[in-house]
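**Student:** Build me a structure from this.
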Amino acid sequence: MTNTLSIDWVVSEVLRNNPSLKAARSNWEALRSRIPQARAWEDPRVGVDVERSGTTRFDTFTDAEWMVGQQVPLSGRNRWRDRAATAEAGVAQTEMRRRELELLAGARAAYYRLANAHAQLELNQKNEALLRRFVEASRIKYESGTRSQTDVLMAETEAAKTLEARRDIERRLIEEQSHLNVLMNRPPQAPLGRPANVAVRHFDLPLEPMQAMALEHRPEILGAQKKIEAAKARRTLAKRAWIPDPELRVEARQFNGAGGGIQEYDTGVFFNLPWINRGKYKAAISEAEKMQESGEHELAALQGETLGMVRSQIEKAETLHHHYTLFHDRLLPLAQQAVQASEIAYTNDRGTLLELMTAQRTARDTESALQDHLTDYLTAIAELEAMVGAPFSSSQAPESKSPEKP
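**Tutor:** The predicted structure follows:
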């Protein structure tokens, strides 16, 4: 395993090994297996009627009547069962797709958070090294009599605080490693390399095209549409249950002691009578109609919800990108310049250590917030992609520098 963790490798491992996705795929495949069962004809029936005349002995008979029967689905109920089962399998397929998108968004978000934890840890170590330099500078000034011991203690206290912050960062790093390993169905403590450095890009997120894409591809909406298709097929199936399917039957008689062959045969047609159980079939039609109505209401609710979610998520992503740009282009350079100016002033005895510590703390917090905004922005993009149900960012995905497979 190399020291660089690639997001492409993480995504492929999640899609290949995640057990919840495997469960969703197995459920879809199970429902697909119902389709040929639903479209099949009823099983043929065979039987024999053994007659005994003038005897009660079980090992003898007067004649045997053989029967073969087959119900013929002239009503087309098997075809409508086929359509209903196909639509229900489609619902399971959309559930599998929804789980896949959730896992992709979760894996990308965990990857970005893990990268952020590594960056924050590196920032903490750099900050500690800088504070140690300040400690030495303050000690030299104290020994020369230009500064009091308070400066030394203040610098050492600030340097010690970085150890507390480092422990919290290390805990977050372990949590994200565990989360990412669990998504990939690996032991939580399995080693992971450091994520490649991610270069942020500004994604073009036009509202109406994004909303249209979500209405077309979001798995929840596609699943609701499949539920309506299944309900319609079940409704038609319930109505066709009023149509009796004939059963064709052939009966042949074999007389004992008459040469052992078939001496005569009969043919017959039989019908069931569904009109007698009128309440039963009317209830089935009503059930299917209400299921269709429920599906239509669910679809309308999901469509409205989707439009609102996409709009809110786009606004969230744009806001986070604005924060990142502001911190990257203006606030961080200004904070770094303030540290340089304060350090020069302190070295030349024209500034106080408190001013230097304040400037350094501001720069540290600004750079830390910059990394958080980067992570939050990329996570928001991953969540938006899961909402719209299609990889709209694949052609403009965040680039990693020299991504390598671990």
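**Student:** which residues in the stretch 251-400 of the chain form helices?
**Tutor:** With DSSP state H, counting those that start in this stretch, the ranges of helices along the stretch 251-400 of the chain come out as 278-326, 332-347, 353-388.
**Student:** Out of those, indicate the one that is most buried.
**Tutor:** Mean neighbour count (mean count of other CB atoms under 10 Å) peaks for helix 353-388 among those, with a mean of 21. To be clear about C-beta, it is placed using only N, CA and C from the backbone, and glycine gets the same treatment.
**Student:** Next, the angle from that helix to helix 278-326.
**Tutor:** For helix 353-388 against helix 278-326, the angle by axes from the mean of the first three to the mean of the last three CA atoms, to 10 degrees is 150 degrees.
**Student:** and helix 353-388, what other elements does it pack with?
**Tutor:** Contacts defined by 3 or more CB pairs under 8 Å, 6 or more residues apart in numbering; DSSP states H and E place helix 353-388 against helix 77-144, helix 149-183, helix 207-217, helix 278-326, helix 332-347.
**Student:** Where does the prediction get shaky in the stretch 151-300 of the chain?
**Tutor:** Regions of the stretch 151-300 of the chain meeting the criterion pLDDT under 70 cover residues 257-260.
**Student:** Just to check, Ala110 is in contact with Leu180?
**Tutor:** Yes. Between Ala110 and Leu180 there is a contact under CB atoms under 8 Å: 4.6 Å.
**Student:** Next, Ala64: secondary structure please.
**Tutor:** Classification of Ala64 using DSSP: H, G, I helix; E, B strand; the rest coil returns strand.
**Student:** Contacts only, for it.
**Tutor:** Taking CB atoms under 8 Å, 6 or more residues apart in numbering, we find Ala64 in contact with 48-51, 253-254, 256.
**Student:** For it, which non-adjacent residue is spatially closest?
**Tutor:** Leaving aside its chain neighbours, Ala64 sits nearest to Gln254 (4.7 Å; criterion: CB to CB, 6 or more residues apart in numbering).
**Student:** Would you quantify the distance from the one you found to Gln360?
**Tutor:** According to CB to CB, to the nearest Å, Gln254 stands 106 Å off from Gln360.
**Student:** Show me the shaky parts of the stretch 1-150 of the chain.
**Tutor:** For the stretch 1-150 of the chain (pLDDT under 70), the answer is 1-2.
**Student:** could you redo the last one with a cut-off of 80?
**Tutor:** In the predicted model, the stretch 1-150 of the chain carries pLDDT under 80 at residues 1-3, 52-62, 137, 141-149.
**Student:** Okay, the closest residue in space to Tyr346 that isn't next to it in sequence and Ala87: tell me how far apart.
**Tutor:** Once flanking residues are discounted, Tyr346 sits nearest to Leu356: 4.7 Å by CB to CB, 6+ apart. In this structure, Leu356 and Ala87 are 69 Å apart, going by CB to CB.
**Student:** do the same with Pro244
**Tutor:** Distance, Pro244 to Ala87, using CB to CB: 26 Å.
**Student:** With Gly76 instead?
**Tutor:** With distances taken as CB to CB, Gly76 is found 16 Å from Ala87.
**Student:** and those two? which has more neighbours close in?
**Tutor:** A direct count of neighbours by other CB atoms under 10 Å for Gly76 and Ala87 places Ala87 higher, at 20 against 14.
**Student:** Isn't the more buried one up against Ala224?
**Tutor:** No. If you go by CB under 8 Å, Ala87 and Ala224 don't touch, sitting 11.3 Å apart.
**Student:** Please name the nearest non-neighbouring residue to Asn127.
**Tutor:** Arg364 (5.1 Å).
**Student:** any idea which element the closest residue to Arg99 other than its chain neighbours lies in?
**Tutor:** Using CB to CB, 6+ apart and skipping residues adjacent in sequence, the residue nearest Arg99 is Ala24, 4.6 Å away. Secondary structure assignment for Ala24, by DSSP states H and E: helix 19-32.
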